[in-house]
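Peer 1: sequence-free structure coming up:
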């Protein structure tokens, strides 16, 4: 498994940038519960992105069928894991639901764009 350090650096810059642009200003205008929910959704979404990265790297050099099984099967597993974590955060740890879900949606869409760009880059390098 070959690690793409350029992509991981991009993810690091993205995470730090999001924290600087969203979390720090939000902490001055929102309650502590809202800020905690946004931070939790950011961390969970980041882990979700890294698991997607690992699935792409793991399956990329395999046959198309195996690649699709790894990536699509991994996506199903990641979504189920994401739902389970959200349920635990809301039910057990009493995170603020609206801010958790809205920020999770935003982070998920941003991370999906990063994942797709990574996959396109890998395909372009292969051909």
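Peer 2: Noted; the coordinates are in hand. Since the structure is predicted, the reported quantities are computational estimates derived from the model, not experimental observations.
Peer 1: ok, residues contacting the host helix or strand of residue 18?
Peer 2: For residue 18, the host element (DSSP states H and E) is helix 5-18. Contacts with helix 5-18, where a contact means CB atoms under 8 Å, 6 or more residues apart in numbering, come from 42, 46, 49, 50, 53, 107, 110, 114, 118, 121. For the C-beta atoms, the positions are set from N, CA and C on the backbone; glycine is no exception.
Peer 1: Can you name the next helix or strand after that helix?
Peer 2: Where DSSP H and E defines the elements, the next helix or strand beyond helix 5-18 is helix 24-29.
Peer 1: and that next one, what does it pack onto?
Peer 2: Contact partners of helix 24-29 among helices and strands, from 3 or more CB pairs under 8 Å, 6 or more residues apart in numbering; DSSP states H and E: helix 32-60.
Peer 1: which of the residues in the helix it packs on are buried?
Peer 2: Using 16 or more other CB atoms under 10 Å as the test for burial, helix 32-60 gives 34-42, 44-46, 48-49, 51-53, 55-57, 59-60.
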